[in-house]
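Engineer: quick one, fold the following:
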Amino acid sequence: MEPTNFTVTEFVLLGFHELPSFHLFLFFIFLVIYIATLAGNSLTTGLFCFDHHFHSPMYILLCNMSLLDISFTSMVLPKLLDIFLTGNNVISYKGCITQVFFFVVLMVSEYFILAAMAYDRYVAICHPLRYCYFMSLQNCFWMSLTSWSIGILEGIPFVTLISSCMFCRSNKVDHLYCDLKPLIKLSCSDTHTIEMVIFGFGAVIGFVPSVMTLVSYMYIISTILKMHSKEGRHKTFSTCSSHLTVILLFYGTVLGMYMRPKSSYSMEQDKVLAILYAGVIPMLNPLIYSLKNEEVKKALLPALGRQPIRCWYRRRDDVIAPSVSRTARDTGRKRPASHRCDGWR
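Structural biologist: Down below sits the predicted model:
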């Protein structure tokens, strides 16, 4: 007998329904996370947009990361806060499908932005003299636009597939937001084809930025190991440490959510990973990337009335081989200072 297709007009997000006595406590915890995420990412985005000293490829890509973090957190946490405070865990069918769309768009876009940042570091370390050619502002703009466009193009077929499913078992989504996996679990349609398409499509799209990131860091590490100066190796590697930290956090969380075998599938684990991805990581990214950066600190100090903004100039090889710069200064040879076009510290 064919299943009856009951028209689903709304879904119920269960969230942390198993912890009702902790809802008020969780509300304040996630409110602090949300405010900190908005404040940190908005501060860095505004700084990078309005201070012309930060109009360089590195900071343009960081600005895209901040926008992604703000968007994803704002997609998940406000509704979660509403559930904790009022108990209103109902979301409309269209609102649920919209969440799925933006989740896919933002996740895929972040994959490619991280890959673009890996390429930025590869060019700056392995080909510093040609950095302004390969990573011009125009090229950086097209990288950013391509990342967002690929995310949108992948989000459309995913939403089309999940919208074609019939939901006649239950409308209770055992998750913090509408995601593909719990919605597929609720469907009474044959989801085998949809699961294969989603998995295959996701694997292909995810493969390209992953390989790009891996290859970039293989060349970066090879270049670092060839440096004769220990200080130069340490300083050059430190410029990549923030990016590597975010990559490990992002890839670890996403792979943990979507690449686990079904035998080890646990919705409780998915909820914890979702909190890391939607709240904790976006909150930490400004600290990891921007607020630890000495140049960002120098730009923020004038706002606190402590010292004026200084225009940053540096010798290009200070980043790659500090010992060479000291030798040149000691011998009295003058080399022209170049404006920092790459954003490297």
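Engineer: report pLDDT for the closest residue to residue 245 other than its chain neighbours.
Structural biologist: Distances taken as CB to CB, 6 or more residues apart in numbering place residue 288 nearest to residue 245, at 5.4 Å, with adjacent residues excluded. (C-beta placed from N, C-alpha, C; glycine too.) On the pLDDT scale, residue 288 is placed at 80.
Engineer: residue 141: neighbour count?
Structural biologist: By the criterion of other CB atoms under 10 Å, residue 141 has 12 neighbours.
Engineer: apologies, that question was intended for residue 45.
Structural biologist: 20.
Engineer: that one touches residue 65, doesn't it?
Structural biologist: No: in this structure residue 45 lies outside contact range of residue 65 using CB atoms under 8 Å: 9.4 Å.
Engineer: what segments of the stretch 1-150 of the chain are helices?
Structural biologist: Secondary structure of the stretch 1-150 of the chain by DSSP state H, counting those that start in this stretch: the helices cover 23-50, 57-86, 93-126, 131-134, 137-163.
Engineer: now mean pLDDT too, for those helices, in JSON lines please.
Structural biologist: As requested, the helices of the stretch 1-150 of the chain are exported to JSON lines (pLDDT from 0 to 100):
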{"stretch": "helix 23-50", "mean pLDDT": "88"}
{"stretch": "helix 57-86", "mean pLDDT": "89"}
{"stretch": "helix 93-126", "mean pLDDT": "90"}
{"stretch": "helix 131-134", "mean pLDDT": "87"}
{"stretch": "helix 137-163", "mean pLDDT": "89"}
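Engineer: mind putting those in JSON lines, distance to residue 250 included?
Structural biologist: Below are the helices of the stretch 1-150 of the chain laid out as JSON lines (distance: least, CB to CB, whole Å):
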{"stretch": "helix 23-50", "distance to residue 250": "15"}
{"stretch": "helix 57-86", "distance to residue 250": "10"}
{"stretch": "helix 93-126", "distance to residue 250": "7"}
{"stretch": "helix 131-134", "distance to residue 250": "24"}
{"stretch": "helix 137-163", "distance to residue 250": "14"}
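Engineer: so which of these gets nearest residue 251?
Structural biologist: Among the helices of the stretch 1-150 of the chain, helix 93-126 comes nearest to residue 251, with 8.5 Å by CB to CB.
Engineer: contacting residues for residue 92?
Structural biologist: Contacts were defined as CB atoms under 8 Å, 6 or more residues apart in numbering; by that measure residue 92 touches 9, 10, 11.
Engineer: which stretches of the stretch 151-300 of the chain have low pLDDT?
Structural biologist: Across the stretch 151-300 of the chain, the ranges flagged by pLDDT under 70 are 169, 256-266, 290-294, 296-300.
Engineer: could I get the full set of helices for it?
Structural biologist: With DSSP H, counting those that start in this stretch as the criterion, the stretch 151-300 of the chain has helices at 180-186, 192-225, 230-258, 267-275, 281-285, 294-300.
Engineer: could you check how far the residue positioned nearest the centre of the chain is from residue 88?
Structural biologist: Centroid-nearest residue in the chain, with CA atoms, centre = their mean: residue 110, separated by 4.5 Å. In this view, residue 110 and residue 88 are 29 Å apart by CB to CB, to the nearest Å.
Engineer: and residue 17, by the same measure?
Structural biologist: According to CB to CB, residue 17 stands 13 Å off from residue 88.
Engineer: show me what contacts the residue nearest to residue 245?
Structural biologist: Residue 288 is in contact with 242, 245, 246, counting by CB under 8 Å, 6+ apart.
Engineer: let me have the residues you listed in JSON lines, adding neighbour count and distance to residue 213 as columns.
Structural biologist: Formatted as JSON lines, those follow (neighbours: other CB atoms under 10 Å; distance: CB to CB, whole Å):
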{"residue": "242", "neighbour count": "18", "distance to residue 213": "14"}
{"residue": "245", "neighbour count": "14", "distance to residue 213": "13"}
{"residue": "246", "neighbour count": "19", "distance to residue 213": "11"}
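Engineer: and these, which is closest to residue 126?
Structural biologist: Lowest distance from residue 126 to these (CB to CB) belongs to residue 242, with 18.4 Å.
Engineer: these two touch, right, that closest one and residue 287?
Structural biologist: No: in this structure residue 242 lies outside contact range of residue 287 using CB under 8 Å: 9.4 Å.
Engineer: and residue 138, how many neighbours?
Structural biologist: 9.
Engineer: neighbour-wise, which of residue 17 and residue 88 wins?
Structural biologist: Set residue 17 next to residue 88 and count neighbours by other CB under 10 Å: residue 17 wins out with 14 against 10.
Engineer: which residues sit in contact with the more buried one?
Structural biologist: Counting by CB under 8 Å, 6+ apart, residue 17 touches residue 89.
Engineer: over to residue 116?
Structural biologist: Contacts of residue 116 were listed using CB under 8 Å, 6+ apart, and they are 61, 140, 143, 144, 147.
Engineer: out of those residues, what pair is the most spread apart?
Structural biologist: Longest distance between any two of those is 10.8 Å, between 140 and 147; criterion CB to CB.
Engineer: before I go, just wanted to say thanks for your time.
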